[in-house]
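S.K.: Provided below for reference: sequence and predicted model.
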Amino acid sequence: MIPPGSTIGIVGGGQLGRMLSVAAAQLGYKCHIFDPHPHPCAVDVASQSTCADFNDVAAIEAFGKSADVVTYEFESLPVEPLKVLGDKLRPGTRSLAIAQDRAVEKKFIEDCGGRVGSWRAVETFDGVIDAVEQLGCPVVLKTRRYGYDGKGQAWIRAPEQAEEAWAAIGEEPAVAESGVAFFAEFSVIVARWADGRHCFWDSPENEHREGILRLSTVPCSDRVAPQVAEAREAALRIAEALGHIGVLTVEFFASEDGPVINEIAPRVHNSGHWTIEGAVTSQFEQHIRAICDLPPGITGLMRGGATMENLIGADVERWPELVTERGAHLHIYGKGDARPGRKMGHVTRVVR
Ligand code: AMP
């Protein structure tokens, strides 16, 4: 067990690192943030920071020596340099390597018995044409790596759009996915301990706009609820096959044929932010508990449910009104420039 008072290293200094640091501090841990940017928002709430490139092995090694355990808050990280951290890194590099490449990820999900939409790996424009022919429109092209919040994605709704879509994603190795006919989206958030203990939160139903999460609601609707048990089984099989330690999130489409997996995030997730006020133990605290091998906290709802609304770009300018709204829990990430599409904060409303 890694006791309170120890230091937790966090690779990545965005809002997830910030909320992990706050949860860690509450339990008496100190956090050391590693990020290539000069002042990432997690540094404001951490006790130590290192500004270095994610490929700088010497810097990662020194960072690892300063910490008792190391975790990461996003998956687009070079895997090789992190191997120097050995068992100190939780979750390990396997979770990272699989989740950061969409083709590897989909194959892995299928091998775990999870359902994904039809897909093809594509490397060339001819490959895109073949995939569109085989899958039928609509198809969404997604770069294998470095895509998030709808970035690195382009829809092909008719074959003549293939060329434009291929150019739009930068002609990079990609997956072509059939457009899934879903009636809702939801996620399963699971925390797993090294010895296999695990727990789930209520599954949030998630609404996206322009590829970005806007709203998460718990409990999910009556239409989605019957799909949660099967989805949890799939998510747990994935967590076990990865040997995952900490929080893992699996995003699902609720379709008439049952739950279809969209993607895995080997970390705390935006659709779990409601757990800070809406659940007895938040996803952030539970992640800290799991990587430090403290006992699991209870994950049940505090009250009847909750909604979490993301504040994207200029939405954050609504803060004077939100901060006076009774019962609204306002979180501002302190990220500075409110560029369009940038996640600047969120508001959670706990339902009685
Ligand atoms: P992603 O970045 O892969 O999570 O995609 C962002 C959002 O785009 C998803 O939450 C869906 O709303 C939509 N989307 C992505 N892939 C598909 C798909 N294969 N079929 C239908 N909608 C999709």
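M.R.: The structure has been received and is ready for your questions.
S.K.: C-alpha from now on. contacts and neighbour counts both.
M.R.: OK.
S.K.: residues contacting Thr143?
M.R.: For Thr143, the contacting residues are 102, 152-153, 169, 172-175, by C-alpha atoms under 8 Å, 6 or more residues apart in numbering.
S.K.: where along the stretch 1-150 of the chain do the helices fall?
M.R.: Residue ranges of the helices in the stretch 1-150 of the chain, as given by DSSP state H, counting those that start in this stretch, are 15-26, 57-66, 79-82, 93-99, 102-111, 125-135.
S.K.: elements contacting the shortest one?
M.R.: Which is helix 79-82. When contacts are defined as 3 or more C-alpha pairs under 8 Å, 6 or more residues apart in numbering; DSSP states H and E, helix 79-82 sits against helix 57-66, helix 93-99.
S.K.: List the buried residues in the shortest one.
M.R.: Within helix 93-99, the residues scored as buried using 16 or more other C-alpha atoms under 10 Å are 93, 95-99.
S.K.: List just the nearest of those to the ligand.
M.R.: The shortest distance between the ligand and any of those, using C-alpha to the nearest ligand atom, involves Ala99 and amounts to 11.7 Å.
S.K.: if I read this right, the closest one contacts Asn262, doesn't it?
M.R.: No - counting by C-alpha atoms under 8 Å, Ala99 sits too far from Asn262 to count as a contact (11.5 Å).
S.K.: Output the set of residues of the protein in proximity to the ligand.
M.R.: Counting by C-alpha under 6 Å from any ligand atom, the residues of the chain close to the ligand are 140, 148-150, 177-180, 208, 211.
S.K.: ok so Gln227 is a helix residue?
M.R.: Yes - with the criterion set as DSSP: H, G, I helix; E, B strand; the rest coil, the secondary structure at Gln227 is a helix.
S.K.: Isn't it up against Gly258?
M.R.: Yes - in this structure, Gln227 is within contact of Gly258 by C-alpha under 8 Å, at 6.3 Å.
S.K.: With neighbour numbers in mind, choose between those two.
M.R.: Between Gln227 and Gly258, counted using other C-alpha atoms under 10 Å, Gln227 has the larger neighbour count: 20 against 17.
S.K.: who touches that one in this structure?
M.R.: Applying C-alpha under 8 Å, 6+ apart as the definition, the contact partners of Gln227 turn out to be 254, 258-259.
S.K.: and the gap between it and the ligand?
M.R.: Counting by C-alpha to the nearest ligand atom, to the nearest Å, the gap from Gln227 to the ligand is 17 Å.
S.K.: Check Trp319 too.
M.R.: 26 Å.
S.K.: secondary structure element for that residue?
M.R.: Secondary-structure assignment from DSSP states H and E places Trp319 in helix 319-322.
S.K.: Okay, buried residues for that helix please.
M.R.: Along helix 319-322, these residues count as buried under the neighbour rule (16+ other C-alpha under 10 Å): 319, 322.
S.K.: pLDDT score for Arg223?
M.R.: At Arg223 the predicted local confidence, pLDDT, stands at 97.
S.K.: number of nearby residues for it?
M.R.: Using other C-alpha under 10 Å: Arg223 sits among 12 other residues.
S.K.: Next: the one 10 residues further on.
M.R.: The local packing count at Glu233 equals 14, with neighbours defined by other C-alpha under 10 Å.
S.K.: ditto for Ala167
M.R.: Neighbours of Ala167 under the rule other C-alpha under 10 Å: 12.
S.K.: Tell me where the model's unsure across the stretch 101-250 of the chain.
M.R.: Counting by pLDDT under 70, the stretch 101-250 of the chain contains low-confidence residues at 149.
S.K.: residue boundaries of the strands in it?
M.R.: 119-122, 139-143, 153-156, 174-178, 182-192, 198-200, 205-209, 212-218, 246-255 (DSSP state E, counting those that start in this stretch).
S.K.: Other residues contacting the fifth one?
M.R.: This means strand 182-192. 198-207, 220, 224, 228, 231-232, 235-236, 239, 244-256, 268-269, 271-272, 283, 286-287, 290.
S.K.: Which strands border it, and is each parallel or antiparallel?
M.R.: On the basis of DSSP bridges, the sheet neighbours of strand 182-192 come out as strand 198-200 (antiparallel), strand 205-209 (antiparallel), strand 246-255 (antiparallel).
S.K.: Alpha carbons only: can I get stretch 189-209 in CSV?
M.R.: This file holds the C-alpha atoms of stretch 189-209, laid out as CSV (Å, rounded to 0.1, in the frame of the first residue of the first chain):
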residue,chain,number,x,y,z
ILE,A,189,-16.7,3.6,-15.8
VAL,A,190,-15.0,0.8,-13.9
ALA,A,191,-12.2,1.0,-11.3
ARG,A,192,-10.0,-2.1,-10.9
TRP,A,193,-7.5,-3.0,-8.3
ALA,A,194,-4.3,-5.1,-8.9
ASP,A,195,-5.9,-8.1,-7.2
GLY,A,196,-9.0,-7.9,-9.4
ARG,A,197,-11.4,-6.1,-7.1
HIS,A,198,-13.5,-3.7,-9.1
CYS,A,199,-16.5,-1.5,-8.9
PHE,A,200,-18.7,0.5,-11.3
TRP,A,201,-20.6,3.7,-11.1
ASP,A,202,-24.1,4.3,-12.4
SER,A,203,-23.7,4.5,-16.2
PRO,A,204,-24.2,8.1,-17.5
GLU,A,205,-26.1,8.7,-20.7
ASN,A,206,-24.0,11.0,-22.8
GLU,A,207,-25.0,13.6,-25.4
HIS,A,208,-22.3,14.8,-27.9
ARG,A,209,-22.4,17.7,-30.3
